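**Student:** quick one, what's the 3D model for this:
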Amino acid sequence: MDMAKCELTQQWFVKAAHDLGTARKAAADPDPYLDMAMFHCQQAAEKAVKGFLLFHDVEFEKTHDLDALVSLAIPADKRFELWLETAHQLTPYASASRYPFTVEVSREQFERALTTATKFCEFVLSLLPAQVHPPRECGKRPGPATA
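**Tutor:** Residues are numbered from 1 along each chain as shown. The predicted model follows:
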């Protein structure tokens with residue numbers, strides 16, 4: 001297995017985990033930023049599918065369109081077809097939550113997006129060998145270092 005490709009793939013999943021962690025932190029604040037938390041849910045899913053595509057040598061353009069990215073993954077694994085609706089639901093959060101005049105996000109919407117993005121990351125990781133998984137599962141914050 002190409003170690004450079006494995007390391008780069010793993011980095012996509014590390015960043016996806018960081019996005020899920022950031023979403024949780026933004027939502028946990030006493031004055032939560034749910035709109036930005038939603039953005040990070042979308043980003044986690046996007047980075048997970050990009051890691052998958054990279055691992056399978058599928059070229060992709062710079063895009064936040066999860067519909068397009070998941071469609072590119074289907075030839076490598078047909079099970080991505082089951083995630084097309086999820087991609088469609090999460091795609092708008094790439095930009096809608098980052099600009100003025102957007103719709104307010106409810107706690108329920110955020111919780112649904114976080115659950116969906118987490119399950120999607122877990123699904124994508126389940127399709128790849130352990131060598132490309134981040135040190136901890138997708139979205140879980142590493143515990144304290146031990147000596």
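
**Student:** from here on, contacts and neighbour counts on C-alpha atoms
**Tutor:** Fine.

**Student:** point out where the protein drops to low pLDDT.
**Tutor:** 1, 97-103, 136-147 (pLDDT under 70).

**Student:** which one's the longest helix in it?
**Tutor:** What stands out as the longest helix in the chain, according to DSSP state H, is helix 3-28.

**Student:** quick one: buried residues of the next helix or strand after that one?
**Tutor:** Next along the chain after helix 3-28, taking DSSP states H and E as the criterion, comes helix 34-55. Within helix 34-55, the residues scored as buried using 16 or more other Cα atoms under 10 Å are 34-55.

**Student:** then helix 34-55 to PDB, C-alphas only?
**Tutor:** Listed in PDB are the C-alpha atoms of helix 34-55, where the atom choice follows Å, rounded to 0.1, in the frame of the first residue of the first chain:
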ATOM      1  CA  LEU A  34     -25.600  26.700  15.500                       C
ATOM      2  CA  ASP A  35     -25.300  28.100  12.000                       C
ATOM      3  CA  MET A  36     -21.500  27.700  12.100                       C
ATOM      4  CA  ALA A  37     -21.900  24.300  13.700                       C
ATOM      5  CA  MET A  38     -24.000  23.200  10.700                       C
ATOM      6  CA  PHE A  39     -21.200  24.400   8.400                       C
ATOM      7  CA  HIS A  40     -18.800  22.100  10.200                       C
ATOM      8  CA  CYS A  41     -21.100  19.200   9.900                       C
ATOM      9  CA  GLN A  42     -21.200  19.700   6.100                       C
ATOM     10  CA  GLN A  43     -17.400  20.100   6.100                       C
ATOM     11  CA  ALA A  44     -16.900  16.800   7.900                       C
ATOM     12  CA  ALA A  45     -18.900  14.900   5.400                       C
ATOM     13  CA  GLU A  46     -17.200  16.600   2.500                       C
ATOM     14  CA  LYS A  47     -13.700  15.800   3.800                       C
ATOM     15  CA  ALA A  48     -14.700  12.200   4.500                       C
ATOM     16  CA  VAL A  49     -15.900  11.600   0.900                       C
ATOM     17  CA  LYS A  50     -12.800  13.500  -0.500                       C
ATOM     18  CA  GLY A  51     -10.600  11.200   1.600                       C
ATOM     19  CA  PHE A  52     -12.400   8.200   0.100                       C
ATOM     20  CA  LEU A  53     -12.100   9.500  -3.400                       C
ATOM     21  CA  LEU A  54      -8.400  10.200  -2.900                       C
ATOM     22  CA  PHE A  55      -7.800   6.700  -1.600                       C
END
